[in-house]
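>>> make a model of this:
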Amino acid sequence: MASISSLGAQSGLDLESIVQGTLDAERRPKVNRLDRQEGQLSVELSFIGELKSVMSEFKTAAGKLADADQYSQRKTSVSQPDSGKAISVSSDGDAAPGSFAIEVLNKAEGSRATSTPGAFATADDVVSTQAGSLTFSAGDKTFTVDVAADATLDDIRQQVNDAGDNFGVSLNIINTGSEARLVASSTETGVGNDISISNTNADFDALSTVANDGTAGGMTIAADDQATDARIRVDGIEATSADNTFEDVIQGSSITVEGETQPGEFATMTIAEDNSAVRKNIDGFVKAYNNVVGLLDQAGAEGAQFQGDATVRSIENQMRRFLSADSGGLSMFNAGFGIDEDGRLQQENTLTSVSEVANERFADFEKLFAGETGLGSRIEDYVNTYTSFGGSLQSRTDSLNNRLDRVDDQRTQLNERLERLESSLRQKYSGLDSLLGQLQSTSSRLDQQLSNLPGFSRNKD
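A predicted model of the protein is given here:
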């Protein structure tokens, strides 16, 4: 608020100090009151924001324990035989805990066809002076390669191996020193899935298992080279698979054959409950619970700003009730939880501990926390009444922000009122300053006139 003019310049009086003193006397108590009000509201708003945050974290932690899927996790391990790795395994929630002895009797293998001796002298032999095609099949897989005229045996080998739609056929040439033998291998396993090679040019019969006229071609599959199934024995019960993966031979488990076991050997597969995720989520739940309780204790302590606050008392009471709340015939105390002398949640009580329950009665945690009526969902619903849009904490936050806005409005109004008061004071004291200045000037003139009168002396007795 800038000065209208320099007060006291005419009268010599310190009128500026009088104006500022009057304004300060009017301003100070009101500003102090607004500062106190704003400080209290800001502290309360900060507390409500922190409370909303820790309760949201508590809700998230409870929600993780409410997820039923984590209680059906399985951990599968394998003890391999001395001869080497025989199987790899995995299990899902449908698998029941147990231990199984598994023998691998036979790996699933693809087939192999070999050309007739003497069919090719070298890899550089031209197979045909005319173009044609070769079709490769195994099981339900097939692809065709168009071969140009004058292609050599090695040209065809490379063309087949590089074909973009090749499903797993590889051609190799074995040079014996006196001739070249073509070998065709397929990765398609399973009995009945032997490789088949047909052609559209009789010159390619030596490359085919089926000749152009439908008879046997020059490529043959020996009995030991036919495609085979995988065979395993689980606790003495034999099972087969067209490939090396056995799905649900043990319900809820997948077994992949890696190698064959030696007679008298077996791999031991063990399925156990995997409670690591639940244990981790319980740790998070305990931490989140104690964060809420700790904040409430601090805020509601004797002499604290929120001592006796209705919201603090209500949440404190409900947090204690959660400890004894029944779900599925259980409570948190039954599941091994306890509280210390400060009301903090602990993972043990005088009777048992969370660790013991997890090892001996793991399913009890699912009964307690999981499902729509479990404690986890009930905690989520309770916290939502405070933290969700329209919840009590959100409503209180909105109210506090509105009150802070009103404090800002009052500050603006106070400043405007003080500006008007200052303007009024300056106008009044400006007139006084002018009047006193005129009186002082008049007095000076009178003194001067009197001093000029004959015989007048101010120092006369």
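>>> my guess is residue 294 contacts residue 345. True?
No: at 10.6 Å, residue 294 and residue 345 do not qualify as touching, with contact defined as Cβ atoms under 8 Å. The way it works is simple: take the backbone N, C-alpha and C, and place the C-beta from them, glycine included.
>>> neighbour-wise, which of these two wins?
Between residue 294 and residue 345, residue 345 has the larger neighbour count (other Cβ atoms under 10 Å), namely 20 against 14.
>>> dump the residue contacts of the more buried one.
By Cβ atoms under 8 Å, 6 or more residues apart in numbering, the residues touching residue 345 are 286, 289, 290, 293, 323, 337, 338, 339.
>>> now with 7 Å?
286, 289, 290, 337, 339 (Cβ atoms under 7 Å, 6 or more residues apart in numbering).
>>> can you name the two of these that sit furthest apart?
290 and 337 (11.6 Å; Cβ to Cβ).
>>> more neighbours, these two?
Remark: of residue 290 and residue 337, residue 337 carries more neighbours, 24 against 20, as counted by other Cβ under 10 Å.
>>> phi first, then psi, for that one.
Main-chain torsions, residue 337, degrees, to the nearest 10: phi -80, psi 150.
>>> offset the numbering so it begins at 18, please.
Fine by me, first position is 18 from now on; the one you just mentioned is residue 354.
>>> my read: it touches residue 371, true?
Yes: counting by Cβ atoms under 7 Å, residue 371 is a contact partner of residue 354 at 6.3 Å.
>>> shared neighbours of those two, anything?
Counting by Cβ under 7 Å, 6+ apart, the common neighbours of residue 354 and residue 371 are residue 364.
>>> please enumerate the strands of the stretch 268-417 of the chain.
With DSSP state E, counting those that start in this stretch, the ranges of strands along the stretch 268-417 of the chain come out as 270-274, 284-290, 355-356, 362-363.
>>> and the contacts of the longest one?
Taking contacts as Cβ under 7 Å, 6+ apart, the residues outside strand 284-290 that touch it are 91-98, 103-104, 106, 108, 112-119, 270, 278, 379.
>>> swap in 8 Å and give it another go.
So strand 284-290 is contacted by 90-98, 103-104, 106, 108, 112-121, 267, 270, 272, 278, 379 (Cβ under 8 Å, 6+ apart).
>>> just the buried residues from those, in PyMOL please.
Buried members of the contacts of strand 284-290, defined by 16 or more other Cβ atoms under 10 Å, are picked up in PyMOL with:
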select buried, resi 91+93+95+97+98+103+104+106+108+112+117+119+120+121+267+270+272+278
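>>> so where's the chain shaky on pLDDT?
Scanning the chain for pLDDT under 70 picks out 18-31, 446-462, 464-469, 471-478.
>>> can you give me the helices for it?
32-83, 170-178, 293-316, 327-341, 371-377, 380-386, 392-404, 409-468 (DSSP state H).
>>> buried stuff in stretch 120-129?
Those would be 120, 121, 124, 125, 126, 127, 128, 129, for stretch 120-129 by 16+ other Cβ under 10 Å.
>>> who are the contact partners of the second one?
Taking Cβ under 8 Å, 6+ apart, we find residue 121 in contact with 103, 104, 247, 248, 249, 274, 275, 276, 277, 278, 284.
>>> need those in TSV with distance to residue 330, can you?
Below are these laid out as TSV (distance: Cβ to Cβ, whole Å):
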residue	distance to residue 330
103	64
104	60
247	67
248	70
249	65
274	65
275	63
276	67
277	71
278	68
284	61
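>>> what's the closest of those to residue 50?
Closest approach between the contacts of residue 121 and residue 50, by Cβ to Cβ: residue 104, at 79.6 Å.
>>> distance of that closest one relative to residue 288?
Separation of residue 104 from residue 288 (Cβ to Cβ, to the nearest Å): 13 Å.
>>> can you check residue 393 too?
Look at residue 393 and residue 288: by Cβ to Cβ, they are 26 Å apart.
>>> and the nearest residue to residue 257 once chain neighbours are set aside, how many residues sit next to it?
The shortest distance from residue 257 to any non-neighbouring residue, by Cβ to Cβ, 6 or more residues apart in numbering, is to residue 246 (4.5 Å). A count of nearby residues for residue 246, using other Cβ under 10 Å, gives 19.
>>> and what of residue 141?
Residue 141, neighbours per other Cβ under 10 Å, totals 11.
>>> and the spatially closest residue to residue 279 that is not a sequence neighbour, what does it touch?
Residue nearest to residue 279 in three dimensions, not counting chain neighbours: residue 100, with 4.8 Å by Cβ to Cβ, 6+ apart. Taking Cβ under 8 Å, 6+ apart as the criterion, residue 100 is in contact with 276, 278, 279, 282.
>>> let's have those residues in TSV, adding distance to residue 141.
Formatted as TSV, the contacts of residue 100 follow (distance: Cβ to Cβ, whole Å):
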residue	distance to residue 141
276	39
278	45
279	45
282	48
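>>> buried ones only from those residues, please, as a PyMOL command.
In PyMOL syntax, the buried subset of these is picked out as below (16+ other Cβ under 10 Å):
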select buried, resi 276+278+282
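>>> next one: the residue nearest to residue 257 from residue 278, what distance?
For residue 246, the distance to residue 278 - Cβ to Cβ - is 16 Å.
>>> dump stretch 214-229 to PDB, restricted to CA.
Extracted in PDB, the C-alpha atoms of stretch 214-229 (Å, rounded to 0.1, in the frame of the first residue of the first chain):
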ATOM      1  CA  ILE A 214       8.500 -88.000 -50.200                       C
ATOM      2  CA  SER A 215       6.700 -88.000 -53.600                       C
ATOM      3  CA  ASN A 216       7.400 -86.300 -56.900                       C
ATOM      4  CA  THR A 217       6.100 -85.100 -60.300                       C
ATOM      5  CA  ASN A 218       9.100 -86.300 -62.300                       C
ATOM      6  CA  ALA A 219      10.000 -90.000 -62.500                       C
ATOM      7  CA  ASP A 220      13.700 -88.900 -62.600                       C
ATOM      8  CA  PHE A 221      13.200 -88.000 -58.900                       C
ATOM      9  CA  ASP A 222      12.200 -91.500 -57.900                       C
ATOM     10  CA  ALA A 223      15.600 -92.100 -56.400                       C
ATOM     11  CA  LEU A 224      14.900 -89.100 -54.100                       C
ATOM     12  CA  SER A 225      11.500 -90.300 -53.100                       C
ATOM     13  CA  THR A 226       9.900 -92.800 -50.700                       C
ATOM     14  CA  VAL A 227       7.000 -93.000 -53.200                       C
ATOM     15  CA  ALA A 228       7.800 -93.400 -56.900                       C
ATOM     16  CA  ASN A 229       6.100 -91.400 -59.600                       C
END
